[in-house]
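Participant: build the 3D model from these lines:
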Amino acid sequence: MINQKWLLCAFLFSLVGGLYGAPLGLPAVPIPADNPQTEAKVKLGNRLFHDLRFSATGEVACATCHATEKAMTDSPLTTSEGINKLRGTRNAPTVLNSAFNQSQFWDGRSPSLEDQALHPFVNPIEMGLENHQLIIDVIMNDRQYKRAFRQVFAIKSEEITIDQVVKAIAAFERTQVAGDSPFDQFYFAGNEDALSDSAKRGFDVFLTEGRCVSCHTIEQDHALFTDHKFHNIGVGINDIETRVPHLVGAFLRAKKKGADVDVTVLVDPDVSHLGRFAVDEELSSVGAFKTSTLRNIAATAPYMHDGSLKTLRDVVVHYNNGGITDGSKSANAFLSGGIRPLDLTEQQMDDLVAFMEALTSPGVMMTNNGGG
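Facilitator: You can find the predicted model right below:
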């Protein structure tokens, strides 16, 4: 049973958070000192985020891979499509609640939303521009844009740079927060009727035998469902394990010669599976990827960095098998220490899925996350 005193304490903290306008279950959005939020900046960022002209073909915008009606992803695509239908190696993470991330992208190679926004524009298989100046050229030929930039940043039109562009986009993204799920109503507001019996049992599994809470953390006054760390959970790495020494050496040599990590991880599946190693070059990071938030996870199938697990049930089965999806392979040598067989029953796994479905915020549509 869930500790009732803990529930009451969490509820009281949620009331304090509510005074500052954060959705139930979430903390206040962190705002960098050099990019304060304003209504006009958010409006500008929204337009930039949806502008197809910022791609080489005029057919791809940020919103192409992060669509509002798809929980700010491109579900159900396994990996994202850029210009000319070019397919990358990575599944699009949701922008919902990305304002709380301590780093961006699956491998954490960007430290902020502002920095993250720079890269897709000039990635050859995403938006495919030769340089950022092409964005400024579009803006300088658009009266509404010039007026908006002058208003928001108090600068002359000729002073507009990509720095202001990404600051506006990041400001818009920081408004894309979603809490107040049935779980939040249950856990932080004390509404016992907010969760089904199956979801309540699943929450108990989440905290105990499933050990999910070790990485998908819950704090006393909020729940982001991520530890912001990087873990090898046995996805993708099994395909390259025997070739890891060769791939690591070849990648490091290419990187030393100036290879663009942004491009390489999206065009080469083998390098993509190296995960965090491509950023920090630590052998302990081989095959490790950032812990995803579980908020609205039922709306963002398929799952993992390569979209290889189609349903939440598949994800639970993967963890239950100790990071070995097909049951025939041994665990990879780089597997994180906490990943081991869970021995959950079929009922426990069903209940765990029910719990994760209860992390869906109002207005966010769930996909089909059943078995099969």
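Participant: can you tell me which residues contact the spatially most central residue of the chain?
Facilitator: Centroid check for the chain by C-alpha atoms, centre = their mean gives Pro93 as the closest residue, at 3.6 Å. Applying C-beta atoms under 8 Å, 6 or more residues apart in numbering, we find Pro93 in contact with Thr73, Phe105, Trp106, Ser292. C-beta here means a position set from N, CA and C on the backbone, and glycine is covered the same way.
Participant: check Ala71 too.
Facilitator: Thr94, Leu96, Asn296, Ala299, Thr300, Val364, Met365 are the contacts of Ala71 under C-beta under 8 Å, 6+ apart.
Participant: just how off-centre is stretch 350-362 within its chain?
Facilitator: Its chain's C-alpha centre and that of stretch 350-362 lie 18 Å apart, by C-alpha atoms, centre = their mean, to the nearest Å.
Participant: same question for stretch 313-321.
Facilitator: 20 Å.
Participant: and what of stretch 338-347?
Facilitator: Distance, centroid of stretch 338-347 to centroid of chain: 25 Å (C-alpha atoms, centre = their mean).
Participant: Thr38 versus the nearest residue to Gln164 once chain neighbours are set aside, what's the distance?
Facilitator: Nearest non-adjacent residue to Gln164, counting by C-beta to C-beta, 6 or more residues apart in numbering: Phe153, 5.1 Å away. Between Phe153 and Thr38 the computed distance is 10 Å (C-beta to C-beta, to the nearest Å).
Participant: mind checking pLDDT for Asn20?
Facilitator: For the record, residue 20 is Tyr, not Asn. As predicted, Tyr20 sits at a pLDDT of 40.
Participant: in contact with the residue nearest to Gln164, which residues?
Facilitator: Phe153 makes contact with Ile160, Gln164, Lys167, according to C-beta under 8 Å, 6+ apart.
Participant: tell me the most packed of these, by neighbour count.
Facilitator: Among the contacts of Phe153, Lys167 has the most neighbours (other C-beta atoms under 10 Å), with 22 neighbours.
Participant: which strand or helix spans it?
Facilitator: In this structure, Lys167 sits in helix 162-173 according to DSSP states H and E.
Participant: packing partners for that helix?
Facilitator: Identification of packing neighbours for helix 162-173 by 3 or more C-beta pairs under 8 Å, 6 or more residues apart in numbering; DSSP states H and E yields helix 39-49, helix 113-122, helix 133-140, helix 143-153.
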